[in-house]
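>>> generate a structure from the sequence data that follows.
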Amino acid sequence: MDSDLLNAFEEAFPDTGFVFNEDAVVVRTFAGPEVDLLVGNRNEPIVGKSVDDVFESSIAEEIQLQIAATLDRQELQTKEYVIEVETGARSFDARMAPVATNTGEQLVAALFRDVTTRDLYAQRLDESMRILSTMQLLTQDVSRATSVSKLYSSVCQTITDSTPYQFCLDCQLRRRKQAPRPGNRCAPANRRD
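Okay, here's the model as predicted:
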């Protein structure tokens, strides 16, 4: 029954799972579709191999530390790993939990979920929130302005303070035919002010 249940979970779950022993050796795998991204394209089985032999060196030590922390604390441990692959960087969220066994052997169940798309959407959302915040500040500047020159100055200050596009001061200096300050990022040279 337990074996059938585990096999059903393996088929139903899209993530990649491992069971490690206390020596950081792979005891069992639940290979999801991202397994090749996570451990490389392998023709040989990984059960019975150490974490050092399975994962790239940049994350193998961190995984061993996470396994040790899981066993020491006897509670869920989470960590995100970034792995460079042919198509670029991929982010994996690793969740590890201790497993109680009847034999007294200390095991760790680990689930690796590819969160690259989630992280990309989070970055886009963060960027959109910064833009929205700047737009709200600009709306306040417009509603409070008592003259065109104060409006211009206030809007330029808000944009300069709130975004990476620090071109307002340079645009203002160009209008006055003064040289922009060195190191300031400006609008493209072909931009008409």
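>>> where's the most centrally placed residue in the chain, which helix or strand?
Compute the mean C-alpha point of the chain, and by Cα atoms, centre = their mean the closest residue is residue 119, 4.5 Å away. For residue 119, the host element (DSSP states H and E) is helix 116-144.
>>> so how far is that helix from its chain's centroid?
Centroid displacement of helix 116-144 relative to its chain, using Cα atoms, centre = their mean, to the nearest Å, is 19 Å.
>>> give the buried residues for that helix.
116, 119, 134, 137, 141 (16 or more other Cβ atoms under 10 Å). Any C-beta I mention is one placed from the backbone N, CA and C, and that applies to glycine too.
>>> which residues in the chain form helices?
2-12, 35-39, 51-54, 57-73, 116-144, 148-162, 168-175 (DSSP state H).
>>> pipe these into TSV and attach distance to residue 28 and mean pLDDT per row.
Listed next are the helices of the chain as TSV, based on distance: least, Cβ to Cβ, whole Å; pLDDT from 0 to 100:
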stretch	distance to residue 28	mean pLDDT
helix 2-12	8	67
helix 35-39	13	61
helix 51-54	13	88
helix 57-73	14	92
helix 116-144	25	82
helix 148-162	51	76
helix 168-175	60	57
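>>> could I get these as CSV with distance to residue 93?
As requested, these are exported to CSV (distance: least, Cβ to Cβ, whole Å):
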stretch, distance to residue 93
helix 2-12, 18
helix 35-39, 12
helix 51-54, 17
helix 57-73, 12
helix 116-144, 8
helix 148-162, 31
helix 168-175, 40
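>>> for the ones you listed, which one sits closest to residue 108?
helix 57-73 (4.9 Å; Cβ to Cβ).
>>> who's in contact with that closest one?
20, 22, 24, 51-52, 54-55, 76-77, 79, 81, 83-84, 94, 96-98, 106, 108, 110 (Cβ atoms under 8 Å, 6 or more residues apart in numbering).
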